[in-house]
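# sequence unknown, structure follows:
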């Protein structure tokens, strides 16, 4: 057995680097190809204005995707991101004074308190996710599926089919303002990306996230508190989603039911298209940035070219499928190497 | 699922608690199995293996083995791990198809190309790990894979349940076929799997360690059934480490050592000592030291007790385990596979929570809720499977630092310190290649094991628990690990070595506990010990 392994490893050494970087190269190549394609196909695509557009468009998804990156790196999933975003956005509006024609039994409080209550709400929902997954032992897929419904339920109960428009000043500044023509919501995204990247790369907690995702059993046998790390990732994800929901409500100018429905798929797609492993342990914020750009460029670019708007949905689905194939394919290469290496 | 139909029907049966022991299911009437093909004259051996050799990548696993199994006999098979028993059985069962030599069944030469061929030729195997479906009923388990169907292609539950009941009764087992398999005691589950093998037409039945998970009355029940099977003319190969069981049920016993068949002998007139002598051999033909001679165990007197376990128990795995470990001593815990020592080791590191009993470290009682608490209490653990300890894609230094990150810094990683710590270990443990940045997967098994040890060496734990620390290692790497562990002992660590390999325990331990079926049955301390005495106790 032993000599077969070594000869196999030697034969593929030249392509080993390329293959090991496949996870990072494939999404980046996709992004470049899309940029070239849309620049040629539409004169209105490659402009400064449009770049700013794209950046604004991906901001809400991006903030959610940062939190989701933590969870997916652990090898888990959070399906409640969009739902928690919606609920948190509605909570912050619920505690803000609305116009008289808005028929909601809301409780207006000071702006800072409304924000604090909204943050408490999303943290609480995240803690429930964490409790169900780690203490009770419900698979995160099912636990967060339930939370998706709970979030939708909270949203529905608070607005009762109505639409709220006002949010605290601080939230509307962050979500809808701009600094010297630059949208502040993009700055919020940038801040989340930087903090997320620094946390994952340079802190002890970040290392634990990668190790738990890479080999959960080994992490446990090294004395890492695996449940605590998983729980923390789920809470971080919920808080990111909550903040995305608040600035999102300000960005859209209204808070209502089902406002974020499409964002769950986009956030998961951004993380996975970027090349973060669905099995955990590989990837990071850098990958998520590329994934966000691919999705943003694709969504925006398809609007710039003459294309059946119904076909757009199908094309997005196909791109996501392609990314998943690459993701799993790369994983298989690695597990084969691991089997040979051991 | 269709399986819900009979379960509803038997709902009343669930109201009464199921008896927890097997005796309750024993039928009054004796076992009367239908005799198999009486046409074959009984002087033709059921199975003959002639000059069987098999090697794996140049390493001989079987050399020129001649083995004969008669009709209507129970043939015990003994030998140490790696002696060639399982290779031999895998050839018979059609798992290994590439071998030298001839195999004859009822005098006709056969060469199986797959396990399916072997099955069709009437060879059945019951593995140590049962392959039953705990959530299906007993009847479904008996008919697994060949359920009777009605003309409409629907499973014929009535026929299946009645048939299963009858078949089990003929083996002397009286159990409601609608009972959920998982609710039955393990001994009965094993008998039902045996029944399935028999009724699928097996005439040669291979039992691999059938008694390791059974209590004494369950063993007796199994033996009763086996005697009935023998009387029906079927042949049984009984592989076991439990020599007492072999001696009490077999007609003939065969000893394997180093891939050779050493001797085949009728059981009448031989004893345990006779078998052990032949299993171990004189020692001269082994390349490695085989620890046949006496080894003096000596504990340093006056050392404080570091870890004390009292009446620990966990499920079916082990019960009423009490022991202590002192500073500066290596405690060996020896037992056959499945005797509870693996679970015990996991309990000490907080991975498994014991149902009963207490654990004290430095005299203070501790409840270890998870591995983090165990680590913080000063316990370190290296599991038997390196895969569950190491991160293959990560560099060596991250593998070493993972268990001590909290001591290096609270918040920010300090890669420079991590690397320098790892480099120190790489150097002192002679890890090859001598670089801390290389991915762990690129290291050989022995070097990986050293990395697994290095995890715990930066800040010395109080207790180091090692499960099978030298399994699958070459002689040189084994020696290195033994030296490292002894050096740690001399520094004052309390070390617990858990193993199913006598050599591992004998090469390291200052004191030895022997576990048998979940209980500590013997302690060797301040005396001489040898491999045969250890095997005798287990």
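Yes, it's here. Bear in mind the structure is a predicted one, so any value in this text is a computation, not a measurement.

# Show me what stretch A:287-296 is in contact with.
The contact list for stretch A:287-296, computed with C-beta atoms under 8 Å, 6 or more residues apart in numbering or on different chains, reads A:23-24, A:27-28, A:30-31, A:34, A:54-55, A:57-58, A:61-62, A:65-66, A:69, A:193, A:196, A:266, A:269-276, A:319, A:323. All C-beta atoms are positioned from the backbone trio N, CA, C, and that covers glycine.

# Mean confidence (pLDDT) on that stretch, please.
For stretch A:287-296, mean pLDDT is 93.

# ok, now stretch B:170-177?
86.

# Show the buried residues in the contacts of stretch A:287-296.
A:23-24, A:27-28, A:30-31, A:34, A:54-55, A:57-58, A:61-62, A:65-66, A:69, A:193, A:196, A:266, A:269-276, A:319, A:323 (16 or more other C-beta atoms under 10 Å in any protein chain shown).

# Just the residues you listed: which are in helices?
Members of the buried ones among the contacts of stretch A:287-296 lying in helices (criterion: DSSP state H): A:23-24, A:27-28, A:30-31, A:34, A:54-55, A:57-58, A:61-62, A:65-66, A:69, A:193, A:196, A:266, A:269-273, A:319, A:323.

# If we check chain B, which of these are in contact?
The overlap between those and the neighbours of chain B (C-beta under 8 Å from any C-beta of the partner chain) is empty.

# element containing residue 212?
By default, I'm working from chain A. helix A:204-214 (DSSP states H and E).

# looking at chain B here, not the other one
Residue B:212 belongs to no helix or strand, assigned by DSSP H and E.

# Secondary structure class of the residue nearest to it when sequence neighbours are not counted, three-state.
Distances taken as C-beta to C-beta, 6 or more residues apart in numbering or on different chains put residue B:338 closest to residue B:212, at 4.6 Å, once the chain neighbours are dropped. Three-state assignment for residue B:338 (DSSP: H, G, I helix; E, B strand; the rest coil): coil.

# Shouldn't residue B:62 be within a strand?
Yes - assessed by three-state DSSP, residue B:62 belongs to a strand.

# Wait, a strand at residue B:66?
Yes - Residue B:66: assigned to a strand according to three-state DSSP.

# Help me confirm that the residue nearest to residue B:212 comes into contact with residue B:127.
No - using C-beta atoms under 8 Å, residue B:338 is not in contact with residue B:127; the gap is 11.9 Å.

# neighbour count winner among those two?
Using other C-beta atoms under 10 Å in any protein chain shown as the criterion, residue B:338 and residue B:127 rank with residue B:338 on top: 18 against 14.

# residues touching that one, list them.
Contact analysis of residue B:338 by C-beta under 8 Å, 6+ apart lists B:128, B:209, B:212, B:213.

# Tell me, how many residues neighbour the last one?
Yep, that's residue B:213 we're talking about. Applying other C-beta under 10 Å, I find that residue B:213 has 20 neighbouring residues.

# Please apply the same query to the third one.
Residue B:212 has 18 neighbours, counted by other C-beta under 10 Å.

# mind checking pLDDT for the nearest residue to residue B:434 once chain neighbours are set aside?
Once flanking residues are discounted, residue B:434 sits nearest to residue B:426: 5.4 Å by C-beta to C-beta, 6+ apart. Note on residue B:426: pLDDT of 91.
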